[in-house]
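K.L.:
below: sequence and its predicted model.
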Amino acid sequence: MLKRFFILLTLGAGLITAPLITQAAVHCDFDSSSMVTTLFDFNEMPNGINASAPVGTVLFSKTHQIPIWCAKDGRKGSSISGPEPIYINRSDVSNVFGSKSGLTLYITVAGDRGNTRKAFNTGLQTSYIWLPSLSTKDATRLTLDVTIELVKTAENTLLSTKNTVMLFSVGDQFDTSDMVFYMKNGNKLVFTTQTCDVMGSGNYTANLPPLNISDVKGTGPVDGHTADINVQLSCNSTLWSTQAIMMKLTGQDVPGSASDGLFFFKSLDSGESAPGIALQMFQGARGQPFTPVTVGQNFEVGNFEDGQSVVTIPLRAGYYVRDKNMTPGKLQSILVYQIDYQ
């Protein structure tokens, strides 16, 4: 007998569902309408790079503190209801000037100084969903604190700068956000060895008024017996640099009195150091009141970021009575000044 077996196979088609993942885009913008995202545009700012600086010199350093707000971008149609973290994303700027430039650009975020691509969590989050028609008063606010440095790390040979460089962005982690900060028109950068030169012969003479020993009543500076001189420098106002222009004075200084700016006088008759009385030097650079120089120590007289083509350095010479053991005669003190850049 033929028997038939009917086997009912039920095939269960399993529906595998993947969770729908959506990412809320973080939108950021300035708290002030006057801010711009182009931090350096060499069509509009100094474009010379000091090629005479020693290797290791920080040619440019500036910290940008930028107030901004951030919110979840409602234009992206996000369905995420939770808070979104805010990131600062450093771009790869490791070779923006070319391999033979001898220059390195560093960007410091949250204490991390580098030039490679990296995302930094600000530690802040935003839950406010923003649309162009909505107020930003409930958005998350923060101040960007980013330092950008240009360092001479090798000898300068050839500049082959990228014309437009993305420095860093703010928003999502590694997202190409709406808020990107740039360096533009880098092809305008050039090397130069011109910094500052002393105008004229570079030699200066200060003739102090005669001092009557009988008029001296005590020790210290002698009022009303001073002479002023102005040292002038012709400087390159087209340097892209925050280097300070520095001066220091050296000579035969009085031991233990460096902070008072005291130098020995010598008698023109005997050639010996004059007893009891010294030369005191003051400086009033950058519009500051006259204060004693510190012997052999640099003081700032200008800064290339000021863009000045002429820098004037006011100096003042005066008498300083150390004790009343003074001998009448003609006195002289010869000092040396040095200009440097830091």
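P.N.:
That came in fine, so what should we check first? Since the model is a prediction, treat every value here as computed from it, not as a measurement. Numbering: from 1, shown residues only.
K.L.:
nearest residue to the most centrally placed residue in the chain in space, please, no chain neighbours.
P.N.:
The centre of the chain sits closest to residue 61, judged by C-alpha atoms, centre = their mean, with a distance of 3.0 Å. In this structure, residue 61 finds its nearest non-sequential neighbour in residue 149, 4.6 Å apart by C-beta to C-beta, 6 or more residues apart in numbering. C-beta: built from backbone N, CA, C; applies to glycine.
K.L.:
ok, back up a step: chain center to whatever helix or strand the residue nearest to the centre of the chain lives in, what's the gap?
P.N.:
Remark: residue 61 resides in strand 58-73, with elements defined by DSSP states H and E. Counting by C-alpha atoms, centre = their mean, to the nearest Å, strand 58-73 is centred 14 Å from the centre of its parent chain.
K.L.:
what does stretch 124-135 give?
P.N.:
Taking the mean C-alpha point of stretch 124-135 and that of its whole chain, the gap between them comes to 34 Å (C-alpha atoms, centre = their mean).
K.L.:
so the residue nearest to the centre of the chain sits against residue 243, correct?
P.N.:
No: contact status for residue 61 versus residue 243: not in contact, 9.0 Å apart, counting by C-beta atoms under 8 Å.
K.L.:
which residues does the closest residue to residue 341 other than its chain neighbours contact?
P.N.:
Spatial nearest neighbour of residue 341, excluding adjacent residues (C-beta to C-beta, 6+ apart): residue 243 at 4.6 Å. Listed by C-beta atoms under 8 Å, 6 or more residues apart in numbering, the contact partners of residue 243 are 50, 53, 57, 58, 59, 60, 303, 304, 341, 342.
K.L.:
show me how to select, in ChimeraX, the buried members of these.
P.N.:
Buried members of the contacts of residue 243, identified by 16 or more other C-beta atoms under 10 Å, are gathered into one ChimeraX selection as follows:
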select :50,53,57,59,60,303,304,341
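K.L.:
list the buried ones in stretch 124-134?
P.N.:
By neighbour count with 16+ other C-beta under 10 Å, stretch 124-134 contains the buried residues 126, 128, 129, 130.
K.L.:
same deal with stretch 107-121?
P.N.:
Judged by neighbour count using 16+ other C-beta under 10 Å, the buried positions of stretch 107-121 are 107, 108, 109, 115, 118, 120.
K.L.:
so the fourth one touches residue 94, yeah?
P.N.:
Yes: the criterion here is C-beta under 8 Å, and residue 115 meets it with residue 94 at 4.6 Å.
K.L.:
can you list residues touching both of the two?
P.N.:
When contacts are counted by C-beta under 8 Å, 6+ apart, residue 115 and residue 94 have residue 104 as shared neighbours.
K.L.:
follow-up on the earlier one: just checking, what packs against the host helix or strand of the residue nearest to residue 61?
P.N.:
With secondary structure defined by DSSP H and E, residue 149 is part of strand 140-152. When contacts are defined as 3 or more C-beta pairs under 8 Å, 6 or more residues apart in numbering; DSSP states H and E, strand 140-152 sits against strand 58-73, strand 84-90, strand 103-109, strand 118-126, strand 164-171.
K.L.:
just for the chain, where's the confidence low?
P.N.:
Judged against pLDDT under 70, the low-scoring parts of the chain cover residues 1-24, 77-80, 175-176.
K.L.:
walk me through the domains of it.
P.N.:
Residue ranges for the structural domains of the chain, counted by automatic domain parsing, are given in the record as 26-192, 196-341.
K.L.:
measure the shortest one end to end?
P.N.:
Separation of the first and last residues of domain 196-341 by C-alpha to C-alpha, to the nearest Å is 9 Å.
K.L.:
and the strands in the stretch 201-342 of the chain?
P.N.:
Taking DSSP state E, counting those that start in this stretch as the criterion, the stretch 201-342 of the chain carries its strands at 220-235, 244-250, 262-267, 273-283, 291-292, 299-303, 310-321, 331-332, 336-341.
K.L.:
roughly how far does the residue lying closest to residue 41 once chain neighbours are set aside sit from residue 240?
P.N.:
The shortest distance from residue 41 to any residue other than its chain neighbours is 4.8 Å, reached at residue 184 (C-beta to C-beta, 6+ apart). For residue 184, the distance to residue 240 (C-beta to C-beta, to the nearest Å) stands at 13 Å.
K.L.:
of these two, who's got more company?
P.N.:
residue 240 (21 against 18; other C-beta atoms under 10 Å).
K.L.:
gap between the more buried one and residue 199?
P.N.:
Computed as C-beta to C-beta, the residue 240 to residue 199 distance reads 24 Å.
K.L.:
same question, residue 208
P.N.:
The separation that residue 208 has from residue 199, given C-beta to C-beta, amounts to 24 Å.
K.L.:
thinking again about what came up before, out of the helices and strands packed on strand 140-152, nearest to residue 218?
P.N.:
Closest to residue 218 of these is strand 58-73 (C-beta to C-beta; 46.7 Å).
K.L.:
now that closest one against strand 103-109, angle please.
P.N.:
Note on geometry: by axes from the mean of the first three to the mean of the last three C-alpha atoms, to 10 degrees, strand 58-73 and strand 103-109 are set 40 degrees apart in direction.
K.L.:
ok, strand 58-73: who's next to it in the sheet?
P.N.:
In the sheet containing strand 58-73, its partner strands are strand 26-30 (antiparallel), strand 129-130 (parallel), strand 140-152 (antiparallel), by DSSP bridges.
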